[in-house]
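Student: need the 3D shape of this:
(one chain, ligands or ions: 1)
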Amino acid sequence: MSRLFRTEGIILKSIKLNEADKIVTIFTKDYGKIKGIVKGVRKTRSQFGSSMENLTIIKLLAYKGKNLITISQSEIINSFFSQSKDLFRYGLAIHCSKIIDKLSAEEDPNPKLYELFQNLLFLLNDEQNPTLLVESFKWKLLTILGFQPELKKCVYCHNLAKKDEYYIFDIPRGGVSCFNCLNGTGRYQIKITYYLLRLLQRILVVDLIDIHNKSLSPIILSELSKIADLFLNFHFEIENRSKYFLKSCYLKK
Ligand SMILES: [Zn+2]
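Tutor: Numbering: from 1, shown residues only. Predicted coordinates:
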């Protein structure tokens, strides 16, 4: 990274440092995740305005010092936060930003992942099926990061997954098992239908835009969420806090 650099990025996290300044975590297009100080951002007449709010997409100019990155200018490209008055979508987007924050290393560029996250934020705004979009995002993100689940062959006997009625998604093994190899279910061994298996296979190969606004039965949606949440929880200790967040929002009403 050069000492003075320009890039664009998405705000993942913004933490108050003192009366005037903040530390922000930004997922950038060219440098991956970076942490930087934003001076004077908490003052009323700050030049940064609302550009450092969570999920805002910005153009930025920053300076890398010996131990610290300082964000010196920013310009809003798209403010998901101010556009989205919908707490459900906002909760989902925050959940996705936490997954990105947890699974990406600092200053490790991943333009594919950046594009995926940016597309998610744009599509989520007017998505008719936000849960499907977000669950698809999770599997696509895992695939980009090299944690693609095995969905073509049984993870034990390696036979091709044919059109059987049911399969077991073995979370610790990271893929599906046929009923010959594993016929019991458990907390991390989930029975799935052939339909769900085909859906997961399709999610891995198509773009998010092709999943946008597709309809699906609530049962399939809830199975899809369950598997992704268990997978992220078992392998990366990530909890789907958006569910608690949403619960608390409804309780406050
Ligand atoms: Zn098998």
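Student: which bits of the stretch 51-200 of the chain sit near the ion?
Tutor: Taking C-beta under 5 Å from the ion as the measure of proximity, the stretch 51-200 of the chain contacts the ion at 154, 156, 157, 178, 181. For every residue, glycine as well, the C-beta is placed using N, CA and C.
Student: turn the residues you listed into CSV, columns for secondary structure, distance to residue 13 and neighbour count.
Tutor: Formatted as CSV, those follow (DSSP: H, G, I helix; E, B strand; the rest coil; distance: C-beta to C-beta, whole Å; neighbours: other C-beta atoms under 10 Å):
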residue, secondary structure, distance to residue 13, neighbour count
154, coil, 40, 23
156, coil, 40, 16
157, coil, 44, 11
178, coil, 42, 21
181, coil, 42, 16
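Student: what's the most distant pair in those?
Tutor: Greatest spatial distance in these: 156 and 178, 7.6 Å, computed using C-beta to C-beta.
Student: could you list every residue that touches residue 157?
Tutor: Residues in contact with residue 157, defined by C-beta atoms under 8 Å, 6 or more residues apart in numbering, are 178, 180, 181.
Student: any chance of a markdown table for the residues you listed, columns distance to residue 140 and pLDDT?
Tutor: Converted to a markdown table, the contacts of residue 157 look like this (distance: C-beta to C-beta, whole Å; pLDDT from 0 to 100):
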| residue | distance to residue 140 | pLDDT |
| --- | --- | --- |
| 178 | 25 | 91 |
| 180 | 30 | 89 |
| 181 | 27 | 93 |
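Student: can you redo those as TSV with distance to residue 114?
Tutor: Below are the contacts of residue 157 laid out as TSV (distance: C-beta to C-beta, whole Å):
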residue	distance to residue 114
178	37
180	42
181	38
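Student: what residue spans form the domains of the protein?
Tutor: Per automatic domain parsing, the domain ranges recorded for the chain read 4-83, 101-252.
Student: the residue of the chain positioned farthest from its centre and residue 63, how far apart?
Tutor: Within the chain, residue 180 marks the point farthest from the mean C-alpha position, 34.2 Å out by C-alpha atoms, centre = their mean. From residue 180 over to residue 63 the distance is 60 Å, taken as C-beta to C-beta, to the nearest Å.
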